[in-house]
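Asks: can't give you the sequence, but here's the structure:
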């Protein structure tokens, strides 16, 4: 897909990996970048300014995607103001740490609603717009907990596994007009609450013995945008961590 003249939506695009994806798609020539944010209003403003400097139109929308009505409002805004949507990247997620016995019904619902239910309904609503247009692309950001048990964040792993399943189902349900794929990052960005020493030690369990970066994720995104014969697939960007 050529992004010239295209409208792109990235959920959770104000900071971290989501921001890197937003800037990459702007650099690739998207006409308009729409991104959502929840509580990161200051970061959203800075990201908006960076996108504009790249010569791309931008629309930042506050959206708590655990609330379906806010997803509906976001999609209605895109349809009314821009009239189309060509690419959706589901990047927004929440990461809560809890072992098997510490997960509560409330924390389970929070994680599943944001990481799996929210992306699904973004896909559903975006899919309807894209089918009317005759084409589209959806990319979901999962992570290595899909392949490896996430014993310190059980509900997070379950939510990302659900999103990968939804990706595969969507690829079938929305074909042939819409392609649906996923990117599975590993250690590409230090969690905010980790010390540098803990982060650097992560490379010891990675076959390539090095850490990744958001740019590695962006390269996978670029490949999926340009590869019109790829759907229902996941690109694993983890230095080999999921094969051991």
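Replies: Sure thing, it's come through. What you see is a predicted model; the values in this text were computed from it and never measured.
Asks: ok, now which ones touch the closest residue to residue 207 other than its chain neighbours?
Replies: In this structure, residue 207 finds its nearest non-sequential neighbour in residue 240, 3.4 Å apart by CB to CB, 6 or more residues apart in numbering. The way it works is simple: take the backbone N, C-alpha and C, and place the C-beta from them, glycine included. For residue 240, the contacting residues are 206, 207, 208, by CB atoms under 8 Å, 6 or more residues apart in numbering.
Asks: Give me the buried subset of those.
Replies: Using 16 or more other CB atoms under 10 Å as the burial test, the contacts of residue 240 include residue 206 as buried.
Asks: Show me which helix or strand of this structure is least confident by mean pLDDT.
Replies: Here the helix or strand of the chain ranked lowest by mean pLDDT, DSSP states H and E is helix 196-201, holding a mean of 93.
Asks: quick one: that one to chain centroid distance?
Replies: Taking CA atoms, centre = their mean, to the nearest Å, one finds helix 196-201 lying 25 Å from the centre of the chain it belongs to.
Asks: Next secondary structure element downstream of that helix?
Replies: Later in the chain than helix 196-201, the nearest helix or strand by DSSP states H and E is helix 214-226.
Asks: Find the residue closest to the spatially most central residue of the chain in space, skipping its chain neighbours.
Replies: Note on the chain: the residue nearest the mean C-alpha position is residue 91, at 1.8 Å, using CA atoms, centre = their mean. Using CB to CB, 6+ apart and skipping the chain neighbours, the partner closest in space to residue 91 is residue 18 (4.0 Å).
Asks: which parts of the one helix or strand that neighbour maps to are buried?
Replies: Using DSSP H and E, the element containing residue 18 is helix 16-27. Buried residues in helix 16-27, counted by 16+ other CB under 10 Å: 16, 17, 18, 19, 20, 21, 22, 23, 24, 25, 26.
Asks: Packing partners of it?
Replies: Applying 3 or more CB pairs under 8 Å, 6 or more residues apart in numbering; DSSP states H and E, one finds that helix 16-27 contacts strand 7-11, strand 32-37, helix 41-53, strand 87-90, helix 214-226.
Asks: quick check: angle from that helix to helix 41-53?
Replies: Angle of helix 16-27 versus helix 41-53, following axes from the mean of the first three to the mean of the last three CA atoms, to 10 degrees, is 20 degrees.
Asks: Identify the residues contacting helix 16-27?
Replies: Residues outside helix 16-27 that contact it (CB under 8 Å, 6+ apart): 3, 8, 10-13, 33, 35, 43, 47, 50-51, 54, 56, 58, 87, 89, 91-92, 141, 185, 188-189, 214-215, 217-218, 221-222, 225.
Asks: Give me the PyMOL select line for the residues you listed, limited to the buried ones.
Replies: In PyMOL syntax, the buried subset of these is picked out as below (16+ other CB under 10 Å):
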select buried, resi 3+8+10+11+12+13+33+35+43+47+51+56+58+87+89+91+92+141+185+188+189+214+217+218+221+222+225
